[in-house]
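In: pasting the sequence and the predicted model now:
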Amino acid sequence: MNGMTINRKTAWQIVRFVLSGVVVLSTKIGLMWLMRSTGPEWLLYLFVHIIIFFVAYFLHTMITFKTNFSTKNIFKYFKAVVFIKIIDYCIFSVAFYYLNVVADLAIILATLAIGIIRFLLMRTALLAEKIY
């Protein structure tokens, strides 16, 4: 078979990543729903992203990649995901404000659009491994 093959360890990381992603997405939608009448959606989504950063770091450190918490890791994680967070926020904003998509659907679209890139960047940041 030509091309890239996925070993068992990577396959389980992908499974755990998807499961952690479901928890993160559910938390994101739940927080937006709880705070829906407290301010404009763009501000709420920004606040939710700050909370989600820490939730996702915990899940991906402890569950997805089974590595240790450390100051070094959280800074590496931040560098890996900050660009993705900005893209996520932009996709949400465009979908919600310009395409008039419901906030929950806009969150799902933004999350799905960048899922694979997020996995590869987080894996590289938290495990310091090549992505192929």
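Out: Yep, that arrived.
In: break down the chain into its helices, ranges please.
Out: With DSSP state H, the ranges of helices along the chain come out as 8-34, 41-59, 71-93, 103-113, 115-127.
In: next, Asn100: phi, psi?
Out: Backbone torsions of Asn100, given as degrees, to the nearest 10, read phi 60, psi 40.
In: one more: Leu99?
Out: The phi/psi pair for Leu99 (degrees, to the nearest 10) reads phi -100, psi 0.
In: ok, back up a step: any chance of the helices of the chain in JSON lines, plus distance to Phe65 and mean neighbour count?
Out: Every C-beta, even on glycine, is put in place using the N, C-alpha and C of the backbone. Converted to JSON lines, these look like this (distance: least, C-beta to C-beta, whole Å; neighbours: other C-beta atoms under 10 Å):
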{"stretch": "helix 8-34", "distance to Phe65": "6", "mean neighbour count": "15"}
{"stretch": "helix 41-59", "distance to Phe65": "10", "mean neighbour count": "16"}
{"stretch": "helix 71-93", "distance to Phe65": "10", "mean neighbour count": "15"}
{"stretch": "helix 103-113", "distance to Phe65": "19", "mean neighbour count": "18"}
{"stretch": "helix 115-127", "distance to Phe65": "5", "mean neighbour count": "17"}
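In: same list, these, but as CSV with mean pLDDT please.
Out: As requested, the helices of the chain are exported to CSV (pLDDT from 0 to 100):
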stretch, mean pLDDT
helix 8-34, 90
helix 41-59, 93
helix 71-93, 86
helix 103-113, 85
helix 115-127, 73
